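**Student:** Okay, sequence plus prediction incoming.
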Amino acid sequence: MFVRLHFFTSSRVRHALFKKTITKVMVKNSKQTTASPQLAIINRHTAAIDVGSMLMMVAYTDAHGHQHLMETDGFTESLDELAKTLQGEGVTHVAMEATGVYWMALYEKLEQHGLVVTLINPQHFKNVDAQKTDVKDCQWLQQLHAHGLLRASHIAPELYRELKSYLHERNILQKQKSDTLNRIHRLLTQMNIKVQHLISDLEGVAGMKLLRAIALGISDPQELLSRIDVNKLKATNEDLLKSLRGCYKEQYLFILQQALKAYDFFKEQMKSYELKIEAVLKKLLPENEQGSTPVIARKKGLVRKNQYSINLKEYLRHITGVDITKIDGLDEITSLEIVSVTGIDMNKWPSADHFTSWLNLSPRPKISGGKILGHQKRFTNNKATQAFRMAAQSMWKHKGGLGQLYRRLSAQKGSKKAIKAIARKLAVIFYTMIKNNQEYDKSKMLIDSEKQQLKRITRLRQEAIKYGFTLQTATS
């Protein structure tokens, strides 16, 4: 709205008249405008907790809409009291922000009391600059959670969390066992015993028999060889006898004895965790029409190295409904690690794109002014992501369609991008199989060799024309 004024008075009077007129116009316009829309309240009875090792700040809204702020410690008794207080005040939704593993105990307490808990990634929200405190953190979180602006982190059901804990500890024991074997290798080198270079697997039957015999104090090469089946080894008797002549000092023998005790201890602990893992897998088995769960027998024969003695393949097939071990690059151990993180409820991710984005396997372009300026580099400690990437890395020597695709992408764009691209494909196949209860079809991964050959010929012709040459087919 424009106001046209004709001034015939002094400058002071004209200024006062102009200011008065503009004020009237602004007041008139302000009466005509409506109030600006406010953010809707999605979760009315919410609470937010800034979790620490010993100090927790809590902000919540009770059933009457009153705001409360409280402080508590991290003892179990205090966590129980906090959960009961929030439940008694009518709180239904709780948001938590924490670092490390401090959130786990509180999460389970709140979950047991029927509260909907949302674990927040601190990188996904930001507080007001220069006003960062624990008190303001929990209040800011509560406000965002009330408006439904927080995104929950993926937390698997309790049984899968228990399974993941056992797998994690077994993997640690496996690494410790491997470190012990490396120390034994180093010790044999100090003793100038070269048998580890003639036997491909020192952890096998023949290798362990020799190590235990040496630890008993036997130093005669002929007697040592009499304890194993030499015919199963590729090395000759003469080379084996030479390799067993060394420096059998007392300190070396004592160190070897202690290392073998540690090795046996780690092996025994790994078997104990296998029993726990099998117990959890039995609980995850679905019931059939008769209301009973299938009985799965253990593996028959010798179990090599770090393999499981339980039949993981059959357990996974019954739990997921499909055989995910048929996916190229995913063995039973890798598949179990992925399932322990993701679970089998794929409805948490609306599509395969959401699933791969959560795994940080999809590209995230940086767009400004309608142009792609580059791609963000994201790092994650997600065990499922690491498992998919390890499976993709093994595709470099695979003869199937995924192996051909990996080698082509690796030659064009480098191995890092090839691993990420193949890992994404494996994740999409995994997601589709479990969500749609659909078996893996290898024929869909086959690459038409004739089509690829025609593309290669077309590209060569274009390159020849670019440099002023022409290609001619060879005639017989």
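**Tutor:** That came in fine, so what should we check first?
**Student:** switch to C-alpha atoms for all contacts and neighbour counts from now on
**Tutor:** Fine.
**Student:** Tell me the secondary structure at Met56.
**Tutor:** Look at Met56: counting by DSSP: H, G, I helix; E, B strand; the rest coil, its state is strand.
**Student:** dump the residue contacts of it.
**Tutor:** Ile49, Asp50, Glu71, Thr72, Asp73, Gly74 (Cα atoms under 8 Å, 6 or more residues apart in numbering).
**Student:** Who is the fifth one paired with across the strands?
**Tutor:** Right, the one you point to is Asp73. Note on Asp73: beta-bridge partners by DSSP bridges are Leu55.
**Student:** hmm, back to that, how about the contacts of Met56 in TSV, adding pLDDT, neighbour count and distance to Leu285?
**Tutor:** As requested, these are exported to TSV (pLDDT from 0 to 100; neighbours: other Cα atoms under 10 Å; distance: Cα to Cα, whole Å):
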residue	pLDDT	neighbour count	distance to Leu285
Ile49	94	27	36
Asp50	91	24	37
Glu71	92	13	42
Thr72	92	15	40
Asp73	92	16	39
Gly74	90	17	36
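**Student:** can you pull out the strands in the protein?
**Tutor:** Here the chain has its strands, by DSSP state E, at 46-50, 55-61, 67-73, 93-97, 116-120, 365-368, 371-375.
**Student:** From what I see, Ala262 and Leu181 are in contact.
**Tutor:** No - the pair Ala262 / Leu181 is not scored as a contact, 9.7 Å apart, by Cα atoms under 8 Å.
**Student:** between the strands of the chain, which one is nearest to Leu336?
**Tutor:** Leu336 lies closest, by Cα to Cα, to one member of those: strand 116-120, at 24.2 Å.
**Student:** So which elements touch the helix ranked longest in the chain?
**Tutor:** The longest helix of the chain (DSSP state H) is helix 250-284. For helix 250-284, the elements it packs on are helix 158-190, helix 205-215, helix 312-320, judged by 3 or more Cα pairs under 8 Å, 6 or more residues apart in numbering; DSSP states H and E.
**Student:** Mean pLDDT, mean neighbour count and distance to Leu402 for those - can I get that in a markdown table?
**Tutor:** Converted to a markdown table, those look like this (pLDDT from 0 to 100; neighbours: other Cα atoms under 10 Å; distance: least, Cα to Cα, whole Å):
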| stretch | mean pLDDT | mean neighbour count | distance to Leu402 |
| --- | --- | --- | --- |
| helix 158-190 | 95 | 17 | 28 |
| helix 205-215 | 92 | 17 | 36 |
| helix 312-320 | 93 | 19 | 22 |
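**Student:** Tell me which of those helices sits nearest to Tyr406.
**Tutor:** Checking the helices and strands packed on helix 250-284 against Tyr406 by Cα to Cα gives helix 312-320 as the closest, at 26.1 Å.
**Student:** follow-up on the earlier one: export the helices and strands packed on helix 250-284 to a markdown table and tack on distance to Thr99?
**Tutor:** Formatted as a markdown table, these follow (distance: least, Cα to Cα, whole Å):
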| stretch | distance to Thr99 |
| --- | --- |
| helix 158-190 | 18 |
| helix 205-215 | 44 |
| helix 312-320 | 32 |
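**Student:** List the buried residues of stretch 408-424.
**Tutor:** Neighbour counts over stretch 408-424 (16 or more other Cα atoms under 10 Å) mark Leu409, Ser410, Ser415, Ala418, Ile419, Lys420, Ala421, Ile422, Ala423, Arg424 as buried.
**Student:** Tell me where the model's unsure across the stretch 151-300 of the chain.
**Tutor:** Scanning the stretch 151-300 of the chain for pLDDT under 70 picks out no residues.
**Student:** quick revisit: so which of the strands of the chain is the most packed in?
**Tutor:** For these, the largest average neighbour count (mean count of other Cα atoms under 10 Å) is found in strand 46-50, namely a mean of 27.
**Student:** Quickly run through the sheet partners of it, with directions.
**Tutor:** Strand 46-50 sits in its sheet next to strand 55-61 (antiparallel), strand 93-97 (parallel), going by DSSP bridges.
**Student:** I'd like to check the angle between that strand and strand 116-120, please.
**Tutor:** Relative orientation of strand 46-50 versus strand 116-120 (axes from the mean of the first three to the mean of the last three Cα atoms, to 10 degrees): 40 degrees.
**Student:** what's strand 46-50 in contact with?
**Tutor:** 56-62, 86, 91-98, 134, 137-139, 141-142, 145-146.
**Student:** now do stretch 90-100
**Tutor:** Contacts for stretch 90-100 (Cα under 8 Å, 6+ apart): 43, 45-52, 60-63, 103, 115-122, 141-142, 145.
**Student:** quick revisit: how about a markdown table for the strands of the chain, with distance to Gly468 added?
**Tutor:** Below are the strands of the chain laid out as a markdown table (distance: least, Cα to Cα, whole Å):
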| stretch | distance to Gly468 |
| --- | --- |
| strand 46-50 | 69 |
| strand 55-61 | 74 |
| strand 67-73 | 78 |
| strand 93-97 | 64 |
| strand 116-120 | 60 |
| strand 365-368 | 38 |
| strand 371-375 | 34 |
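**Student:** Out of these, which is closest to Trp349?
**Tutor:** strand 116-120 (15.9 Å).
**Student:** Which secondary structure elements does that closest one sit against?
**Tutor:** When contacts are defined as 3+ Cα pairs under 8 Å, 6+ apart, strand 116-120 packs onto strand 93-97, helix 103-112.
**Student:** wait, which of the ones you listed is closest to Leu373?
**Tutor:** Ranking those by proximity to Leu373 (Cα to Cα) places strand 93-97 first, at 32.2 Å.
**Student:** chain center to the closest one, what's the gap?
**Tutor:** Taking Cα atoms, centre = their mean, to the nearest Å, the mean C-alpha location of strand 93-97 is offset from the chain mean by 22 Å.
**Student:** Just want the angle from it to helix 103-112.
**Tutor:** Strand 93-97 and helix 103-112 are oriented at 180 degrees to each other (the same axes, to 10 degrees).
**Student:** average model confidence for strand 93-97?
**Tutor:** For strand 93-97, mean pLDDT rounds to 93.
**Student:** Pretty sure Ala63 sits against Glu89.
**Tutor:** Yes - counting by Cα under 8 Å, Glu89 is a contact partner of Ala63 at 6.1 Å.
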